[in-house]
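**Q** dropping the sequence and predicted coords here.
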2 protein chains.
Amino acid sequence: MKPINLSRRQAIVRTGGALGLASVSTLTPISKALAKSKSSDKAAQLPAYAAWKDPEALIIHSANTMETKRNAFGSSLITPLDRLFVRNNLNPPPEHIVEDPDAWEIRIEGVKNPKTFTVAELKRLGLESVPMILQCSGNGRAYFPNKPSGTPWTVGAAGCVIFTGVPMKKVIEATGGITDGMVYMTSTGGEDIPEGIDPNTVKVERSVPVEAIEQALLAWEINGVPLPLAHGGPLRMVVPGYTGVNSIKYVKQVAFTEEQSPANIQQSGYRMAPLGEKGSPEFESVWEMPVKSWVTYPATEGETVRGGLVQIQGLAMGGASDVTEVEISLDGGEIWHKASFVGPDLGPYAWRQFIFPVELQPGEYVIASRASNAAGQTQPEERVENNRGYLNNSWHDHMLPIKVVS
Amino acid sequence: MKPINLSRRQAIVRTGGALGLASVSTLTPISKALAKSKSSDKAAQLPAYAAWKDPEALIIHSANTMETKRNAFGSSLITPLDRLFVRNNLNPPPEHIVEDPDAWEIRIEGVKNPKTFTVAELKRLGLESVPMILQCSGNGRAYFPNKPSGTPWTVGAAGCVIFTGVPMKKVIEATGGITDGMVYMTSTGGEDIPEGIDPNTVKVERSVPVEAIEQALLAWEINGVPLPLAHGGPLRMVVPGYTGVNSIKYVKQVAFTEEQSPANIQQSGYRMAPLGEKGSPEFESVWEMPVKSWVTYPATEGETVRGGLVQIQGLAMGGASDVTEVEISLDGGEIWHKASFVGPDLGPYAWRQFIFPVELQPGEYVIASRASNAAGQTQPEERVENNRGYLNNSWHDHMLPIKVVS
């Protein structure tokens, strides 16, 4: 491959991607990381409930918002838990709720026989394991030029994990079936609501179309361990294919409802409102994820790479259907080449890892990736503009200029 | 299901399985586990190189031998790294070798152009991720009645992990191809060999049939993180489908050879010698794993379970081919029922998780599981007797008596 001249496209690559993307060229093994997390200044920025995270692998935006660095996803499909992003809408409940996970209770409403189950009881109803992408609705917000309010996530408010729990369909079966006419599944989080304010202004309660019961789980385990508080333990509603906000942490109630939740987070939050407008029910709710991909090696804007054979790497998701193809461009999107998938296909809700082996001569390149899915959708060049910076899947926004030297 | 009378079979269930299988009824989340690992007495038994392991999830036999408790595999297919078994033939090399993994060197011999590569150079040659079972050749040794020498592993000297590295075929391509006439791939570990003794008596060097290049990797990553020293970092030869001893840690040389290694570990160790005989080249070498399964819930001999609907759980592997079916018996192997697989199929070298949902009345049961694979093999009732207790895949040895109460 020949180097290219820097195009107009490269000139307008936004610098949001550089936010905290310091190079971690050799991530240390666990033992080192653990030792480091005791001593480093960065570790001190981690809140107590996430003190077991690897601070070297994270961009810590705040005590409730931490994202995985672009070079820290690993190359083994499943995101290590200590590198997985964290995003809470409210402060998490106290740690003691995960001390005896089996005792946690959840109420099921909007069914023929409403009932309260402990997690111990749910464990008797059935079991399923689903590899799935957990991605914040605002992942990629840093690339919106209008600087929407909210955390300026680059690519790291996403991870692929294995959730294990009971299929919602088994829970519905055990409660006599959904009441006729109910068209939403509305889940309520177990956060403490401050006194003296209208709960709807703060409570974390989300409705998704009832069809999501096909793949939804009540999960008590993530990557083989009991769900930690930081990720919604002791019990989380997980809705594969939907953005993270729809997978309600510390879930204390699931109700099948005729209407969407009256909570602000449903009515005005997470709506695809046009620029300059406020969120409201007239605009589409942020539910399913779109087709998307990004390169993870190289991983830093302006990174210098030695020439010769290079394995360009990345992650690609189909969104709500299987990802079927990934293309790579080295010139900011003028010419595209087919990449290859690496590792097993973990199903429609997981991402796939891809590589593009290429001999690179010294010069400047702008690397872009573009995924397509089984539904026939291809990752678009441009983002869908919206006032809060949701669902950014623009390949242009995620591309990366690099320098190859001899 | 009706309770059964305890049969002859139950009466002879060996008690090896009870070794340290104390109940961990609610495994604590990571944050708790980490806190605990600082204070508990059990943590003090962990050697420095494995201090980051979760001592509550392990049976610690010695500083170089730790197995996962039967109830600590998790239900999400991939074994969490801090619960994965450890087994070293020699003490591991010093920790500093994983500080700069990219600098580690490996020599490739028995090829047209022998060459030394750094890990950084290997990373340019190619990339593959393989979910695979890592299992000690002696897993299940505790159930041999003749008490062979070696660690009395029950079921936990096994785990399913995702290894990532460069396919051996890419390395062979880069060195001009295998020299004609070479029929073994012989890998040498990087352990320090004590002065003044014949290296062959202690060195960790194993030969496998050259056909294993089809699936072998030189791996620098496990479950998304750089390979820790405890699991063979910075670089390990991994041979999917073969027992753990064939996946050489801290690998410093791979040679294609006409003969098997002269090391004792190849010539006399890991041989299927009959009872009372010593290992020698005339007996079969321990290479590929056989079809096998075991139940992980319930997980303790004599465990008391409350009656009603119960999700019996377990893990099943095909060995060298896909696992295709698992059957469950509640009466020590008289009557068999078909179990269902849970979660995605991660390929022929991974295990699959199974469940058998059953209404249990109060009484006594003996739970057994029996797997079959795509090659038409079914897990046998009896172990293959051998002097060192290798390759135990007897369903009878792995069955578990439980008590169901109202």
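**A** Right, received. Where do you want to start? Residues are numbered from 1 along each chain as shown, chains lettered A, B, ... in the order given.

**Q** let me see the backbone angles for the residue in the stretch 151-300 of chain A positioned nearest to chain B.
**A** Nearest residue of the stretch 151-300 of chain A to chain B (Cβ to the nearest Cβ) works out as A:G224 at 2.9 Å. C-betas here are computed from N, CA, C, even on glycine. Per-residue torsions, A:G224: phi 90, psi 0 (degrees, to the nearest 10).

**Q** I figured it hits B:A72, correct?
**A** No: if you go by Cβ atoms under 8 Å, A:G224 and B:A72 don't touch, sitting 9.1 Å apart.

**Q** looking at these two, which is more packed in?
**A** Regarding A:G224 and B:A72, a neighbour count based on other Cβ atoms under 10 Å in any protein chain shown identifies A:G224 as having more, with 26 against 22.

**Q** show the model's pLDDT score for that one.
**A** What the model reports for A:G224 is a pLDDT of 97.

**Q** and if you look at the one 5 residues further on?
**A** For A:L229, the model assigns a pLDDT of 97.

**Q** so it sits against A:N91, correct?
**A** No: in terms of Cβ under 8 Å, A:L229 does not count as a neighbour of A:N91; the distance is 10.8 Å.

**Q** more neighbours, these two?
**A** A:L229 (25 against 13).

**Q** next, give phi and psi for the more buried one.
**A** Dihedral pair for A:L229: phi -50, psi -40, per degrees, to the nearest 10.

**Q** ok, back up a step: so what's the residue of the stretch 151-300 of chain A closest to chain B up against?
**A** Applying Cβ atoms under 8 Å, 6 or more residues apart in numbering or on different chains, we find A:G224 in contact with A:162, A:164, B:73-80, B:83.

**Q** A:N387 too?
**A** A:N387 sits next to A:146, A:148, A:273-279 when contact means Cβ under 8 Å, 6+ apart.

**Q** run through the bridge partners of A:V238.
**A** Counting by DSSP bridges, A:V238 is bridged to A:L217.

**Q** okay, it and A:V358: tell me how far apart.
**A** When distance is defined by Cβ to Cβ, to the nearest Å, A:V238 is 37 Å away from A:V358.

**Q** who wins on neighbours among the contacts of A:G224?
**A** Busiest of these [other Cβ under 10 Å] is B:F73, holding 30 neighbours.

**Q** what's that one in contact with, if anything?
**A** B:F73 neighbours (Cβ under 8 Å, 6+ apart): A:224, B:79, B:83, B:156, B:159, B:296, B:315.

**Q** A:T65 too?
**A** Per Cβ under 8 Å, 6+ apart, neighbours of A:T65: A:86-88, A:151.

**Q** in strands, which of those residues appear?
**A** Using DSSP state E, the members of the contacts of A:T65 that fall in strands are A:86-87.

**Q** out of the contacts of A:T65, which is nearest to A:A174?
**A** A:A174 lies nearest to A:N88 out of the contacts of A:T65, by Cβ to Cβ, at 30.2 Å.

**Q** the bottom helix or strand of chain A by mean pLDDT?
**A** Ranked by mean pLDDT, DSSP states H and E, the weakest helix or strand in chain A is helix A:8-11, scoring a mean of 35.

**Q** state the pLDDT value of the residue nearest in space to the middle of chain A.
**A** The centre of chain A sits closest to A:Q135, judged by Cα atoms, centre = their mean, with a distance of 1.2 Å. Per-residue confidence (pLDDT) for A:Q135: 98.

**Q** and it, how far from A:V239?
**A** With distances taken as Cβ to Cβ, A:Q135 is found 12 Å from A:V239.

**Q** quick one, strands of the stretch 301-406 of chain A?
**A** Remark: strands assigned in the stretch 301-406 of chain A by DSSP state E, counting those that start in this stretch are A:304-306, A:308-317, A:323-329, A:337-338, A:340-342, A:352-360, A:363-373, A:400-405.

**Q** who is A:K338 paired with across the strands?
**A** With DSSP bridges applied, A:K338 shows beta-bridge pairing to A:E327.

**Q** what's the pLDDT at it?
**A** In this model, A:K338 carries a pLDDT of 98.

**Q** got a list of what it touches?
**A** A:325-328.

**Q** now the helices: where do they sit in chain A?
**A** Remark: helices assigned in chain A by DSSP state H are A:8-11, A:30-39, A:41-44, A:119-122, A:168-173, A:199-202, A:264-267.

**Q** would you list the phi and psi of the spatially closest residue to A:N146 that is not a sequence neighbour?
**A** Among residues not flanking A:N146 along the chain, A:L275 sits closest, at 6.0 Å (Cβ to Cβ, 6 or more residues apart in numbering or on different chains). Phi and psi for A:L275, reported as degrees, to the nearest 10, are phi -50, psi 130.

**Q** for PyMOL, what selects the buried ones among the contacts of A:N387?
**A** Buried residues among these (16 or more other Cβ atoms under 10 Å in any protein chain shown), as a PyMOL selection:
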select buried, chain A and resi 148+273+279
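
**Q** tell me the one among the contacts of A:N387 nearest to A:V119.
**A** Using Cβ to Cβ, the shortest approach to A:V119 within the contacts of A:N387 belongs to A:G279, at 33.8 Å.

**Q** report pLDDT for the closest residue to A:I178 other than its chain neighbours.
**A** Take A:I178 and drop its neighbours on the chain: the residue closest to it by Cβ to Cβ, 6+ apart is A:F256, 4.7 Å away. A:F256 is assigned 98 on the pLDDT scale.
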